[in-house]
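In: No sequence on hand, only this structure:
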């Protein structure tokens, strides 16, 4: 069984073995898309195939639409040349369910794959033609947050950016410059409206995309490389909607590969590119996924709401983001990360079998965070949290590790916990001093900074820009100490970490007391969890 078999209509064994095949005439979809393209996506990684492309397949299967999506990749060309073109854009989406079963869908909605680089002139010319087409409605992106940045961590311009800002819409090396150049071709051809849509997992992602694209547009106009009307076109006819995406799509899993091989599916080669991208002709992902999109599409859009994608206003997208980040997912992840590292866990799903840890995040979510949750209206917070706690985090197929999630914790705490504490302070009907489990997580993070696990052994902490600074405060503390105020005071009073001085809101001393319990000796972390979760 090979994906290329389906090009020749050889499919007799597929459905017998539980593989769900496209229910539409793919040649007709290809032809309609080639003559009048509507959707181009930049970023050919796994999440694109597992989520947006799979959602489009649902529309095509239902007969609700007749166009496919064109995928382009500007960074890692090998994804296109090795994972797309040899298979005519076909891929196998493997949905990994929490009960240990899988669903297998052959996805055919990707009808064209292109390298977005002028070093591949045929593909570059085709993309230029697509942007000139008035039928094009939206250009979407999954390129990670750093893909929009024009500067490095020190604030210096990335290679090629300075030259690209000065050059005008030619020979651009940064994707944002290339997008601006494609938009200029559209402006010259017909000035038709367009939506540029980031679907990356970062807050206010549309603004990040807009800022970078417009930096090129305005620099070119200042330098006299483009007309002033082009700037007006970009401001008046091109939209940059906000979105919220939530879908775990890990690298191709060896267990999945083995399961497919037992079926007789042969396209299981795991491709590792020179940029260390892991991909394959198949993609595995969790069963749950959310995509909420600001409905700002000046040239129309595919009816993706019929496939479960939520279209709403900008304010609601922001509320969904806050619900996820401040209450229903991210704080739970951080709690599991901190305590998982200290208790010797290496997978999140294993932690969910731990009576204390699962009770910690469930009680923290429902009893302490949910009273101040931002309810966006389009997704019920308790239902979202229920999926997280019952389906997503316990999923044995999701090989996420507390060590990965513990990265950059100092940068995450202000939003993941600081917002909830702030609301407890502001609301007349709530008192931050009534909180117990959120302070226990913050005390746990202070304990984590010591780099000593519950057996008294050292463990390697995850990268964090403030790790060295914070470790310096606790370096003199030993297991069994009781006088910790001098060490913890600089940490717990730091509003850049917790969004407030925790002493001023009445939590500093409580966290100090919990910390003393956590360092009482070997086994104290487990004992303290048991005490507060009894």
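Out: Good, I have the coordinates. Values in this document were obtained by computation on a predicted structure and should not be read as measured data. Residues are numbered from 1 along each chain as shown.

In: ok, for residue 430, nearest residue in space, not its chain neighbours?
Out: With sequence-adjacent residues excluded and distances taken as C-beta to C-beta, 6 or more residues apart in numbering, residue 430 is closest to residue 424, at 4.6 Å. All C-beta atoms are positioned from the backbone trio N, CA, C, and that covers glycine.

In: What's the per-residue pLDDT of that neighbour here?
Out: Predicted confidence (pLDDT) for residue 424: 97.

In: Which helix or strand contains it?
Out: helix 419-426 (DSSP states H and E).

In: which helices and strands sit right next to that helix?
Out: Packing contacts for helix 419-426, counted by 3 or more C-beta pairs under 8 Å, 6 or more residues apart in numbering; DSSP states H and E, involve no helix or strand.

In: mind listing what's buried in that helix?
Out: For helix 419-426, burial by neighbour count (16 or more other C-beta atoms under 10 Å) applies to 419-424.

In: same check, this time on stretch 143-152
Out: Neighbour counts over stretch 143-152 (16+ other C-beta under 10 Å) mark 143, 147-150 as buried.

In: ok so, going back, can you tell me what sits against the helix holding residue 424?
Out: 322, 326-327, 331, 368-369, 372, 430-432, 434-435, 438, 498-500, 502, 505, 507 (C-beta atoms under 8 Å, 6 or more residues apart in numbering).

In: can you do 10 Å?
Out: 322, 325-327, 331, 364, 368-374, 414, 430-435, 438-439, 442, 498-500, 502, 504-507 (C-beta atoms under 10 Å, 6 or more residues apart in numbering).

In: Average pLDDT for stretch 405-420, rounded please.
Out: On average, stretch 405-420 scores 94.

In: Which positions within it qualify as buried?
Out: For stretch 405-420, by 16+ other C-beta under 10 Å, it's 405-406, 409-410, 412-420.

In: how far does the one helix or strand residue 341 maps to sit from the chain's center?
Out: Per DSSP H and E: residue 341 is located in helix 330-342. Chain-centre distance of helix 330-342: 18 Å, with C-alpha atoms, centre = their mean, to the nearest Å.

In: check contacts around the closest residue to residue 402 other than its chain neighbours.
Out: Closest residue to residue 402 apart from its sequence neighbours, by C-beta to C-beta, 6+ apart: residue 340 at 3.2 Å. Neighbour list for residue 340: 333, 346-348, 350-351, 354, 357, 401-403, 405-406, 448 [criterion: C-beta under 10 Å, 6+ apart].

In: let's go with 8 Å and repeat that
Out: 348, 351, 357, 402.

In: cool, and residue 80?
Out: For residue 80, the contacting residues are 44, 71-73, 113-115, by C-beta under 8 Å, 6+ apart.

In: repeat for residue 202
Out: Here residue 202 is in contact with 145, 208 (criterion: C-beta under 8 Å, 6+ apart).

In: so what's the nearest residue to residue 100 once chain neighbours are set aside scoring on pLDDT?
Out: Among residues not flanking residue 100 along the chain, residue 396 sits closest, at 6.1 Å (C-beta to C-beta, 6+ apart). Listed pLDDT for residue 396 reads 85.

In: so residue 396 touches residue 348, yeah?
Out: No: in this structure residue 396 lies outside contact range of residue 348 using C-beta atoms under 8 Å: 10.2 Å.

In: Looking at the two, which has the bigger crowd around it?
Out: Per other C-beta atoms under 10 Å, whichever of residue 396 and residue 348 has more neighbours is residue 348, with 25 against 16.

In: all strands for the stretch 201-350 of the chain, in order.
Out: 238-239, 243-246, 271-272, 278-279, 282-286, 290-294, 310-312 (DSSP state E, counting those that start in this stretch).

In: counting contacts, what elements does the second one pack onto?
Out: Yep, that's strand 243-246 we're talking about. Strand 243-246 packs on strand 290-294, helix 314-323, going by 3+ C-beta pairs under 8 Å, 6+ apart.

In: so which of those gets nearest residue 275?
Out: Proximity to residue 275 (C-beta to C-beta) singles out strand 290-294 among the helices and strands packed on strand 243-246, at 25.9 Å.

In: Partner strands of the closest one and their direction?
Out: Partners of strand 290-294 in the sheet, by DSSP bridges, are strand 243-246 (antiparallel), strand 310-312 (parallel).

In: Give me whichever of those is most buried.
Out: Of all the strands paired with strand 290-294, strand 243-246 carries the top mean neighbour count, a mean of 24, counting by mean count of other C-beta atoms under 10 Å.

In: got the contact list for the most centrally placed residue in the chain?
Out: Centre of the chain computed as the mean C-alpha position; nearest residue by C-alpha atoms, centre = their mean is residue 201, 3.5 Å away. Residue 201 sits next to 145, 245-246 when contact means C-beta under 8 Å, 6+ apart.

In: do that again at 10 Å, thanks
Out: 47, 142, 144-145, 243-247, 321, 324.

In: re earlier: dump the buried residues of stretch 405-420 to CSV, plus secondary structure.
Out: Below are the buried residues of stretch 405-420 laid out as CSV (DSSP: H, G, I helix; E, B strand; the rest coil):
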residue, secondary structure
405, helix
406, coil
409, helix
410, helix
412, helix
413, helix
414, helix
415, helix
416, helix
417, helix
418, helix
419, helix
420, helix
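
In: coming back round to it: indicate which one of the strands of the stretch 201-350 of the chain is closest to residue 31.
Out: Among the strands of the stretch 201-350 of the chain, if distance is taken as C-beta to C-beta, the winner is strand 282-286, at 25.9 Å.

In: Mind listing the strands that closest one pairs with, and their directions?
Out: strand 91-96 (parallel).

In: what's the following helix or strand after the strand it pairs with?
Out: Next along from strand 91-96, by DSSP H and E: strand 102-107.

In: Give me the packing partners of that following strand, helices and strands only.
Out: Applying 3 or more C-beta pairs under 10 Å, 6 or more residues apart in numbering; DSSP states H and E, one finds that strand 102-107 contacts strand 19-20, helix 46-50, helix 52-61, strand 91-96, helix 254-263, strand 282-286.

In: rerun at 6 Å
Out: Packing partners of strand 102-107 (3 or more C-beta pairs under 6 Å, 6 or more residues apart in numbering; DSSP states H and E): helix 52-61, strand 91-96.

In: Enumerate every residue touching residue 374.
Out: Contact analysis of residue 374 by C-beta atoms under 6 Å, 6 or more residues apart in numbering lists 319, 322-323.

In: Looking at these, which is nearest residue 260?
Out: The nearest one, if we look at those relative to residue 260 and count by C-beta to C-beta, is residue 323, at 35.7 Å.

In: Tell me what angle the helix of greatest length in the chain forms with strand 290-294.
Out: When the chain is parsed with DSSP state H, its longest helix is helix 205-222. Using axes from the mean of the first three to the mean of the last three C-alpha atoms, to 10 degrees, the inter-axis angle of helix 205-222 relative to strand 290-294 is 40 degrees.

In: can you list contacts of helix 205-222?
Out: So helix 205-222 is in contact with 148, 150, 165, 168, 176-177, 179-180, 196, 198, 226, 228, 231, 234, 240-242, going by C-beta under 6 Å, 6+ apart.

In: for stretch 103-116, same thing?
Out: With C-beta under 6 Å, 6+ apart, stretch 103-116 has contacts from 18-22, 26, 30, 33, 53-54, 56-57, 60, 68-72, 74, 77, 80, 84-85, 89-95, 123, 126-127.

In: Check stretch 138-148 too.
Out: 39-43, 47-48, 195-200, 202, 208-209, 212, 301.

In: swap in stretch 15-22?
Out: Identification of contacts with stretch 15-22 by C-beta under 6 Å, 6+ apart yields 11, 14, 104-106, 108, 263.

In: how about that stretch: buried residues?
Out: Applying 16+ other C-beta under 10 Å to stretch 15-22 flags 19-20, 22 as buried.

In: before we move on, what about stretch 447-458?
Out: So for stretch 447-458, counting by 16+ other C-beta under 10 Å, buried means 447-454.
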